[in-house]
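Turn this into a model:
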Amino acid sequence: MISYQLHYQPGVRQWLEFQNPVASICAREPAEVLPALAELQRRVDDDGLYGAGWVGYSAARGLDSSLPATVSAGEPLLQFSLYEKLDRLDELPEKLPVLSPPAGCVRQSDHVMLDGFDQLAHAGAVRRIKAYLQSGDSYQVNFTEQLSGSWVAGSDELFRRMVAAQPHSYAGYILEDDRAICSVSPELFFALNGNEIRCRPMKGTARRGRYRDEDLAAAAALRASEKDQAENLMIVDMIRNDLGRIARTGTVSVDRLFQIEQYPTVWQLTSTISAQTDATIAQIFAALFPCASIVGAPKRRTMEIIEELEHGPRGLYTGAIGWLLPGGEAQFNVAIRTAEVNHRGHLKYGVGGGIVWDSDPQQEAQECIDKARVVAEPVANGGDLLETLRWSPAEGYWLLEEHLRRLAASAEYFNYPFDPADAREVLRVAATQFAAGQITTGARRVRLTLAADGRLSLAHQPLVALASPARVAIYLHPLSGDDVSRFHKSDLRLWLADIPAPGDAGVDDWLFTNSVGEVTESTIANLVVKHQGRWLTPPLNSGLLPGTYRQRLLDTGVIHEQAISEEVLRSCADIGLINSVRGWRSAILVAANT
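From the prediction side, this is the model:
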């Protein structure tokens, strides 16, 4: 039985909290599915109760007996609870009911290690699907995998982490007797408001870039992709046809086509279809379920292919999670980006994607990995964004415009609200206070912080001189160039956490390399070297922070971008470290003493 539920309604930015159920509805056999949905409708309409819960993928058998979907013996096909009241909340509650972790388990890492995804096997399945496409059995097959892992903290912590990674989704948190469901699905199955029904299928995915320019290029490529547009249009046509079965004549409309939407790890291509309907909740599910975007076209034959190739029942995954209220208001997501965790700490998470004739098996496998990052990685947002500026009585804030542009670019990347005028005002007030304190000599190190909710804060301290030339050594272990935090100045530069302090090795700073042997940056500065008569600095795609002083020097032609190997670095007599607080410091390359 479902004891507690929390669902997010993005349109009004509110959480709907359901507590203390007075009744429950469950279907365990296909023949029970339609009667259960009819009972849900009756209790909401006649008794004024609030219904919330989920419908699993295998419930399709009970909505249309011709649709193949494996049913696990004894497992519910749908489950709802009914409540006498609901609470509308503007914020995620500070405390949530929790499914506790197994007794005696010790958490080893913030990362969730997900098993069960074999890239070679996945690529083989994609090739088999393409054979079916070639023979005309299907035009698109949505192929999925079930990953498994362990979670030894409370279910509330898992849900909060997923919401932080993917905010503004059609999120749902459901607590059952022996299971917690944590969903941050970005896809709307349908929303009902009186007689208006709206669907927002999602088909077409591109991995986010690591920094603004790379990210915008990825979005532009997705927007222009004929392959992704064709996939999306195919699903739009299917949903138009499905809606036509329950819509008032002539009311089905495609309101938005090929809209690009930003999520923490991927760009998605969405479309919106609406209609007017007099259908009941059971009739709506019978017409639309399962959502075309997680099956393919044509639905029946494609589901047969899915049954043949997938490794087991999907269960809740790719079903629907949501609620029905008195007055004809309802919202159900497509149950993707959804984790299930039980009392034993076993975690289950499904991933998948649409396969068409020109799909690349390796790219499809990478898409699944990208979609798993929302649960596998501890942080997918930017934390608090930072800008560290130098202020002095003579010049004020040095490189102020460059700092504001970089902060705006990172805020756009992470979808943080930011108005440069607000930042200017915070900095102006601080400068006035510096002047009132009669600071007439010396510079100050000023840190401007932008939180995820748009709040700005400021801290400052005297700027202390550092040794010059700086003694630098190459850090022995290459760092990944794919870590997004390498490209944005924030308090979440997690890649620095396990690196020993340079002073412990008898040097002033480390120089880092990437996985292909290119030198990138130091812990606090960009790198410049004089090679064959020109000052060079590594390009962003080597994996480094886009420093503001670095950008000024590039714009003025003082330095030039070029990949720098460790061999080239060792051959250079002139080395410098540059940042917007210290300026240009000479450096000498030495060997670390550890």
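
Let me know the secondary structure of Leu553.
With DSSP: H, G, I helix; E, B strand; the rest coil as the basis, Leu553 sits in helix.

how many other residues sit next to it?
Residues within reach of Leu553, counting by other Cβ atoms under 10 Å, total 19. Every residue, glycine included, has its C-beta placed from N, CA and C.

what does Val12 give?
The burial metric for Val12, expressed as a neighbour count using other Cβ under 10 Å, is 9.

again with the one 4 residues further on
For Leu16, the number of neighbouring residues by other Cβ under 10 Å comes to 21.

which non-adjacent residue is nearest it?
Spatial nearest neighbour of Leu16, excluding adjacent residues (Cβ to Cβ, 6 or more residues apart in numbering): His7 at 4.8 Å.

burial of the one you found, as a residue count?
Residues within reach of His7, counting by other Cβ under 10 Å, total 23.

Contacts only, for it.
His7 makes contact with Trp15, Leu16, Phe18, Ala52, Tyr170, Ala171, Gly172, Tyr173, Ile321, Gly322, Trp323, Gln331 under the criterion Cβ atoms under 8 Å, 6 or more residues apart in numbering.

helix or strand for it, which one?
Counting by DSSP states H and E, the element that carries His7 is strand 2-9.

That strand pairs with which strands, and in what direction?
Strands flanking strand 2-9 in the sheet, each with its direction: strand 14-19 (antiparallel), strand 170-176 (antiparallel) (DSSP bridges).

I'd like the distance from that strand to the chain centre, please.
Centroid separation for strand 2-9 versus its chain: 21 Å, with Cα atoms, centre = their mean, to the nearest Å.

likewise stretch 352-363?
21 Å.

Ok, stretch 324-339 next?
Worked out by Cα atoms, centre = their mean, stretch 324-339 lies 20 Å from the chain centre.

To Asp498, which of the strands paired with strand 2-9 lies closest?
Proximity of the strands paired with strand 2-9 to Asp498 was assessed by Cβ to Cβ; the nearest stretch is strand 170-176, lying at 31.8 Å.

Give the next helix or strand downstream of the closest one.
Using DSSP H and E, the next helix or strand after strand 170-176 towards the C-terminus is strand 179-185.

got the buried residues for the helix or strand following that following strand?
Note on strand 179-185: by DSSP H and E, the next helix or strand toward the C-terminus is strand 188-193. Under the neighbour-count criterion of 16 or more other Cβ atoms under 10 Å, strand 188-193 has Leu188, Phe189, Phe190, Ala191, Leu192 buried.

same question, stretch 66-80
The neighbour-count criterion (16+ other Cβ under 10 Å) identifies Leu67, Pro68, Ala69, Val71, Pro76, Leu77, Leu78, Gln79, Phe80 as the buried residues of stretch 66-80.

Quick check: the farthest pair among the residues you listed?
The most widely separated members of the buried residues of stretch 66-80, counting by Cβ to Cβ, are Pro68 and Phe80 (24.7 Å).

Next, format the buried residues of stretch 66-80 as CSV and append secondary structure.
Listed next are the buried residues of stretch 66-80 as CSV, based on three-state DSSP:
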residue, secondary structure
Leu67, coil
Pro68, coil
Ala69, coil
Val71, coil
Pro76, coil
Leu77, coil
Leu78, strand
Gln79, strand
Phe80, strand
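
quick check, Gly322 in a strand?
Yes: according to three-state DSSP, Gly322 belongs to a strand.

The nearest residue to it once chain neighbours are set aside bridge partners, please.
Nearest non-adjacent residue to Gly322, counting by Cβ to Cβ, 6+ apart: Phe332, 3.2 Å away. For Phe332, the beta-bridge assignment (DSSP bridges) gives partners Phe190, Gly322.

Compute the number of surrounding residues for Phe332.
When counting by other Cβ under 10 Å, one arrives at 29 neighbours for Phe332.

wait, doesn't it sit right on Glu187?
No: contact criterion Cβ atoms under 8 Å: Phe332 and Glu187 do not qualify, at 10.2 Å.

which element is Val341 on?
With secondary structure defined by DSSP H and E, Val341 is part of strand 338-342.

partners of that strand, with directions?
Strand 338-342 has the following sheet partners, assigned by DSSP bridges: strand 179-185 (antiparallel), strand 346-355 (antiparallel).

And the contacts of it?
For strand 338-342, the surrounding residues in contact (Cβ under 8 Å, 6+ apart) are 99, 151, 155, 158, 162, 178-185, 315-317, 321, 347-350, 375.

May I ask you to name the longest helix in the chain?
Of all the elements of type helix in the chain, the one with the most residues (DSSP state H) is helix 226-244.

Can you give me the domain boundaries for the protein?
The record, using automatic domain parsing to delimit domains, assigns the chain the ranges 2-90+111-376, 385-462, 470-589.

mind giving me TSV with those domains and columns for mean pLDDT?
Formatted as TSV, the entries for those read as follows, by pLDDT from 0 to 100:
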stretch	mean pLDDT
domain 2-90+111-376	94
domain 385-462	93
domain 470-589	94
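
winner for burial among these?
Of all these, domain 2-90+111-376 has the most neighbours on average by mean count of other Cβ atoms under 10 Å, namely a mean of 19.

Quick one: end-to-end length of that domain, please.
Between the opening and closing residues of domain 2-90+111-376 we find a distance of 26 Å, counting by Cα to Cα, to the nearest Å.

what distance separates it from the centre of its chain?
Taking Cα atoms, centre = their mean, one finds the center of domain 2-90+111-376 at 16 Å from the center of the full chain.

From Arg13, how far out is Pro326?
Counting by Cβ to Cβ, to the nearest Å, the separation of Pro326 from Arg13 is 22 Å.

swap in Leu511?
Using Cβ to Cβ, Leu511 is found at 45 Å from Arg13.

gap between the residue nearest in space to the middle of the chain and Arg208?
Taking Cα atoms, centre = their mean as the criterion, Pro264 is the residue nearest the geometric centre of the chain, at 3.2 Å. Noted for Pro264: a distance of 7 Å to Arg208, by Cβ to Cβ.

do the same with Ala563
Applying Cβ to Cβ, one obtains 23 Å for the distance of Ala563 from Arg208.

And for Ala217?
For Ala217, the distance to Arg208 - Cβ to Cβ - is 11 Å.

Please apply the same query to Pro462.
As judged by Cβ to Cβ, Pro462 and Arg208 stand 39 Å apart.

my guess is Gln366 contacts Thr265, does it?
No: using Cβ under 8 Å, Gln366 makes no contact with Thr265, being 11.4 Å away.

Spit out the residues that contact these two alike.
Shared contacts of Gln366 and Thr265 (Cβ under 8 Å, 6+ apart): Arg207.

This completes my enquiry, with thanks.
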